[in-house]
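K.L.:
sequence-free structure coming up:
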C-alpha cells in the first residue's frame, strides 16, 4: 500500500489481528486495584469475535480482579508476556489490520512517553511498556504486515514527576527497526497530556472505554475493518465533552494520525496547562475575599475542628491558600469538598463555583492516583 488512503471496503476477518489488554490487578497490591479494564477488554473481544475474527487472532491478555472470572481463555498481562507479543509474535502475523486495545494504569514519563504499567508492576519495580516505542516498532519494517492499525488506549497520562515516585520508572525501549512509509497508524488516547483517565469502580468500566465500546457497536457494519479514525475521534470528543460538562471527568482525549501523507496530533483546544494543584489554587484565588486574612480565617473556621487544627497557615494569601489545599489533600482528598462547601456558603458566584468544583475534582483525582501508584 502506497499513495492514496486505503479504500473503504469490507475487511476479510482472516486478515485481522488484535492485541487486547485489560489489567485490573497489579503485584503492587490492593492500592493499585482498578475494576473495569478486564471487563472492557472482554467486551471489545466480543465485538471482533462477533465480526468474524478467528479466536486464534484475538490475542487476549488479562489480569482480572476477583471475583470476576472470565470464561474466555486468556494469557497473563505481565511484562515479559506482553513484550514477547509485541516484539516476537505479532510482528510475524500474516494480515492487513491490527487493532490494539489497552486498559490499565499509565504514566507520562519525563521523555513524554506514555508508559503502560504491566500486571507484575510493584511500587519498587514499575515494569511498564513504552507505548511510543511500540508505536515506532509497528510503524517500520520490523512489522512487514498489519499496515492498517488503530491503537485504543484507556490509561492515565499523569506526569511522572507529579507522582513523586520513590523509585523511578525503569527504561524499557523496544527494538524499532528501519522506518518506512508503509503503515497507516492511528492512536486514540483517553486522558490527554498530564491528565487522569476516569474509571467507574462501581460499574467496573473506564468512562473512555464505555464511550468507545458504545460507538464501535454503532459501527458494527464496518467491523472487523477499521472505522474512519477521525470520524470516530469526533464522536468520542462529543461524548467526552458531555461527560466533562456533567462533572464526571476532566480528561481530554487526543488522536495521533500517521500515514504516508501526514503525521498529526488532534486534541481539543485548551488554554495554558496548569498543574492540578495550581489550577485549584487559582480557582480559590479568584474569590476576592481570599485577599483578606480575616475572611480566609472565617472559611477555615467553618471546617471540622479536627481538620482545621492540622492546617499550616501563612500571612501571604496565595501561600496560605496553597498550604490549606495541600494539607487537606494530603490528609484526605474528600476533605477538599468540605472546604468547597465553606467557600460557596460565603460566596456563591456561579462561575467561580463551577471552576472551583472542576479544579477540586481534578486535584482530587490526581491525589488519588498519586496515592495508588506512589
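P.N.:
Perfect, I can see it now. Owing to the predicted nature of the structure, the values given are computational and were not obtained by experimental measurement. Numbering: from 1, shown residues only.

K.L.:
quick one, strands of the stretch 101-250 of the chain?
P.N.:
106-108, 114-117, 128-130, 148-154, 158-159, 184-189, 199-200, 205-206 (DSSP state E, counting those that start in this stretch).

K.L.:
so for residue 367, which of those strands sits nearest?
P.N.:
strand 158-159 (10.7 Å; C-beta to C-beta). Glycine gets a C-beta too; all of them are placed from N, C-alpha and C.

K.L.:
mind listing residues that contact that closest one?
P.N.:
Contact partners of strand 158-159, identified using C-beta atoms under 8 Å, 6 or more residues apart in numbering, comprise 106, 107, 108, 191, 194, 195, 196, 366, 369, 370.

K.L.:
hmm, back to that, now distance to residue 350 too, for the strands of the stretch 101-250 of the chain, in CSV please.
P.N.:
Below are the strands of the stretch 101-250 of the chain laid out as CSV (distance: least, C-beta to C-beta, whole Å):
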stretch, distance to residue 350
strand 106-108, 33
strand 114-117, 36
strand 128-130, 42
strand 148-154, 33
strand 158-159, 30
strand 184-189, 33
strand 199-200, 27
strand 205-206, 31
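
K.L.:
dump these into CSV; add distance to residue 214 and mean neighbour count as well.
P.N.:
CSV is the format used below for the strands of the stretch 101-250 of the chain (distance: least, C-beta to C-beta, whole Å; neighbours: other C-beta atoms under 10 Å):
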stretch, distance to residue 214, mean neighbour count
strand 106-108, 22, 25
strand 114-117, 23, 25
strand 128-130, 27, 21
strand 148-154, 13, 24
strand 158-159, 26, 20
strand 184-189, 14, 22
strand 199-200, 14, 20
strand 205-206, 11, 24
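
K.L.:
among those strands, which gets the worst mean confidence?
P.N.:
Note on these: strand 199-200 shows the lowest mean pLDDT, a mean of 84.

K.L.:
helices and strands around that one, which ones?
P.N.:
Packing contacts for strand 199-200, counted by 3 or more C-beta pairs under 8 Å, 6 or more residues apart in numbering; DSSP states H and E, involve strand 205-206, helix 207-218.

K.L.:
so what are the sheet partners of the shortest one and their directions?
P.N.:
Going back to what we said before, that points to strand 205-206. Counting by DSSP bridges, the strands paired with strand 205-206 are strand 199-200 (antiparallel).

K.L.:
could you find the closest non-adjacent residue to residue 142?
P.N.:
residue 177 (3.2 Å; C-beta to C-beta, 6 or more residues apart in numbering).

K.L.:
next one: residue 132
P.N.:
Using C-beta to C-beta, 6+ apart, the closest residue to residue 132 is residue 113 (4.3 Å).

K.L.:
distance check, the one you found against residue 41.
P.N.:
Distance, residue 113 to residue 41, using C-beta to C-beta, to the nearest Å: 23 Å.

K.L.:
looking at the two, which is more packed in?
P.N.:
residue 41 (29 against 20; other C-beta atoms under 10 Å).

K.L.:
any idea how far the more buried one is from residue 165?
P.N.:
In terms of C-beta to C-beta, residue 41 sits 26 Å off from residue 165.

K.L.:
so in terms of bridging, what pairs with residue 200?
P.N.:
Beta-bridge partners, per DSSP bridges, of residue 200: residue 205.

K.L.:
for the record, mean pLDDT for stretch 41-53?
P.N.:
On average, stretch 41-53 scores 97.

K.L.:
so how far is it from its chain's centroid?
P.N.:
Remark: stretch 41-53 is offset 22 Å from the chain centroid, using C-alpha atoms, centre = their mean, to the nearest Å.

K.L.:
stretch 114-134 now?
P.N.:
14 Å.
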